[in-house]
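Student: coords please:
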Amino acid sequence: MNPATQACTLYRMTSLGPDKPFAPAAERNKAAILDVLRDELVDGDRVLELGSGTGQHLVHFAKALPSVTWQPSDLRPALPGIRQWVDEAGCSNVQPPIELDIAATEWIVDKVDVCYTANTLHIVSWPLVVRLFARCTESLVGNGRLYVYGPFVFNGEHISENNRRFDAMLRATDAESGIRDLSALDKLAVEHGFTPAHVMPMPANNHLLLYRLI
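Tutor: Reported below is the predicted structural model:
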């Protein structure tokens with residue numbers, strides 16, 4: 001039997017309910033991200049996903065990597081939708097989703113080997129980006145790893161006109177949001193005990209950044 005089948009029930013095509021969330025962008029990029037994570041993660045890794053959103057990414061990864069344990073998390077309003085995706089997949093290597101707010105003064109979470117977050121840094125304020133790195137430092141064990149997926153600015157320049165327009169839209173909606181510059185993120189990472197990013201190009205002008213605790 002395929003190991004993924006052992007960890008998960010066959011994925012049902014019918015929805016659990018009319019309110020099950022679905023993010024087209026997550027559906028488009030999940031395969032490309034998995035292709036990288038398949039080579040990066042190792043058997044027995046415990047992964048905390050920060051900002052699980054709909055839960056699509058985590059369920060897709062969990063089905064393909066049954067020897068890795070996954071912990072979804074997000075703000076309270078997102079949890080019912082994540083539960084629908086997790087319950088429908090039936091993966092034994094996925095923990096129940098937990099409420100986790102980067103801005104909270106107290107963050108109680110089990111120690112993990114890996115933190116993963118996708119499309120979050122550009123939608124939160126810079127103080128919350130700082131807090132995210134600090135929280136990951138607290139949550140990771142050993143030479144723990146932080147993977148960050150999304151669009152980024154390099155040397156002060158956008159790598160595409162689409163990214164430039166997206167950044168302008170973000171900042172027009174919320175002046176504290178916006179696509180982050182890799183140099184600023186690397187500086188922040190080093191301040192919190194990480195190496196500078198190992199940068200992995202992804203489709204659609206995105207990248208996956210790997211930060212490793214020293």
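Student: Any idea how far apart the tips of stretch 77-97 sit?
Tutor: Chord length of stretch 77-97, first to last residue, is 12 Å (C-alpha to C-alpha, to the nearest Å).
Student: Also stretch 40-49?
Tutor: Stretch 40-49: ends 15 Å apart by C-alpha to C-alpha.
Student: mind listing what's buried in that stretch?
Tutor: In terms of neighbour count (16 or more other C-beta atoms under 10 Å), stretch 40-49 has its buried residues at 41, 45, 46, 47, 48, 49. Using the backbone N, CA and C atoms, a C-beta is placed for each residue, glycine as well.
Student: Which parts of the chain are helices?
Tutor: 3-7, 24-40, 56-64, 79-89, 126-139, 161-173, 182-191 (DSSP state H).
Student: looking at these, which is closest to residue 201?
Tutor: helix 24-40 (9.8 Å; C-beta to C-beta).
Student: Could you measure from the residue nearest the centre of the chain over to residue 165?
Tutor: Centroid-nearest residue in the chain: residue 117, 2.0 Å away (criterion: C-alpha atoms, centre = their mean). Per C-beta to C-beta, to the nearest Å, residue 117 is found 23 Å from residue 165.
Student: got it, and residue 100?
Tutor: Taking C-beta to C-beta, one finds residue 100 at 31 Å from residue 165.
Student: Also residue 121?
Tutor: Taken as C-beta to C-beta, the span from residue 121 to residue 165 is 18 Å.
Student: okay, those two: which has more neighbours?
Tutor: Between residue 121 and residue 165, residue 121 has the larger neighbour count (other C-beta atoms under 10 Å), namely 24 against 11.
Student: which ones are touching that one?
Tutor: Listed by C-beta atoms under 8 Å, 6 or more residues apart in numbering, the contact partners of residue 121 are 129, 132, 148, 150, 180, 185.
Student: what's the domain layout of the protein?
Tutor: Annotated domains of the chain cover 42-100, 102-214 [automatic domain parsing].
Student: end-to-end on the shortest one?
Tutor: Taking C-alpha to C-alpha, domain 42-100 runs 25 Å from one end to the other.
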